[in-house]
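> Let me see the structure of the following:
(one chain, ligands or ions: 2)
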Amino acid sequence: MPIITRRQALITSLAGSGLLLTGCSKIFQADSLTESASFQRVLAAAQAWTRATQRFLLAGGEMAREYKPSDISHYFKPNGTYHPGGADYARHVDEGFVNWRLRIDGMVRHPLSLSVADLRRLPARSQITRHDCVEGWSAIGGWTGVPLALLLRAAGVRAGAKYVVFYCADNLDGEAAKGGEQSPGQYYESVGLVDAMHPQTLIAYDMNGKPLDVPHGAPLRLRVERQLGYKMAKYVQHIQIVGDFHAIAGGHGGYWEDRGYDWYAGV
Ligand SMILES: Nc1nc2c(c(=O)[nH]1)N[C@H]1C(S)=C(S)[C@@H](COP(=O)(O)O)O[C@H]1N2
Ligand SMILES: [Mo]
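Numbers count the residues shown, from 1 in each chain. Ligands and ions are numbered 1, 2, ... in the order given. Coordinates of the predicted model:
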């Protein structure tokens, strides 16, 4: 019974995002964002995304446990990269990330390029979840962001696509100058389309009600609840939809997967 109640509450809040859409269209008309074709496309996809999410919940789709604001950890350990090096990222920090773009391409009908401001004006979801790192620590945090499903619907995933790959701005042991995105040291991750379309999978921009800070992945990070911490790519700048990932970096679908971790990291 409590589960049904919670599901109904979620559906109610998702119906609310339909109202948010109306609000967004108004802002959109009066704003310079009319320039952004990508933004317009995502906004147009919002209604279909709301219906798909409702279907998922009504069909009894599994949600990760969500917590109360009072459960939020006082300290959430930053892990892995605390600050991507390099002049490019430093410039983005100085500029307050106004020129950061999230590119979405690969097996899609409409490649997208969105600014952080674009993402902040789209329907959002907030959730308080527990993050589990393979190193043996956990922390509870609150996340707000755009459901990845909405972005994928807007981009129009092509038949034959199976995975979503996330490329990050940090380079852990390669030399950024030599390799760029395909260098073995570039942090990247991938998830299957089912996890990518899950209602709790977000491109998050806020943590505990404040813009993501640099140690936790500013300006954008992935939240893919029900999976281990290393899947939650920070500093995301490029999302690519692919049929397989064997030709990418070490071929195992992620920075740590190329170093022996499991690709499917269910909690
Ligand atoms: N780009 C990038 N993403 C990353 C990492 C990283 O080093 N670089 N570390 C991963 C690991 S192992 C964990 S546990 C989480 C840590 O997120 P946090 O720093 O917000 O705690 O980010 C994951 N995402
Ligand atoms: Mo981790």
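> residue of the protein with the smallest distance to ligand 1?
Residue nearest to ligand 1 within the chain: Gly80 (2.0 Å; CB to the nearest ligand atom). Glycine gets a C-beta too; all of them are placed from N, C-alpha and C.
> What distance do you get for that residue to ligand 2?
7 Å (CB to the ion, to the nearest Å).
> Then Asp258?
Asp258 is 15 Å from ligand 2, by CB to the ion.
> Then His216?
From His216 to ligand 2 the distance is 13 Å (CB to the ion).
> And for Val98?
Val98 is 30 Å from ligand 2, by CB to the ion.
> Quick check: that residue is in a strand.
No - according to DSSP: H, G, I helix; E, B strand; the rest coil, the state of Val98 is coil, so it is not within a strand.
> hang on, isn't the residue of the chain closest to ligand 1 packed against Lys234?
Yes - here Gly80 lies in contact with Lys234, judged by CB atoms under 8 Å, at a distance of 7.4 Å.
> what's the distance between Cys133 and Gly141?
According to CB to CB, to the nearest Å, Cys133 and Gly141 sit 12 Å apart.
> Compare the two (neighbour count), which wins?
Between Cys133 and Gly141, counting by other CB atoms under 10 Å, Gly141 is the more crowded of the two (19 against 15).
> and the residue most central in space within the chain, what is it in contact with?
Centroid-nearest residue in the chain: Ile203, 2.3 Å away (criterion: CA atoms, centre = their mean). Taking CB atoms under 8 Å, 6 or more residues apart in numbering, we find Ile203 in contact with Leu102, Leu119, Gly145, Val146, Leu148, Leu151, Leu220, Arg221, Leu222, Val236.
> Can you flag which of those residues belong to helices?
Leu119, Leu148, Leu151 (DSSP state H).
> For burial, what's the neighbour tally of the last one?
By other CB under 10 Å, the residues close to Leu151 number 25.
> Quick check: it vs Arg41, distance?
Taking CB to CB, one finds Leu151 at 10 Å from Arg41.
> Now list whatever residues contact both of those two.
By CB under 8 Å, 6+ apart, the residues touching both Leu151 and Arg41 are Leu112.
> What about ligand 1: which of the contacts of Ile203 touch it?
Filtering the contacts of Ile203 for proximity to ligand 1 by CB under 6 Å from any ligand atom leaves nothing.
> Could you dump those into TSV and include pLDDT and distance to Ala90?
What follows is the contacts of Ile203, written out as TSV (pLDDT from 0 to 100; distance: CB to CB, whole Å):
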residue	pLDDT	distance to Ala90
Leu102	97	19
Leu119	97	22
Gly145	98	24
Val146	98	26
Leu148	98	28
Leu151	97	27
Leu220	98	17
Arg221	98	18
Leu222	98	23
Val236	98	18
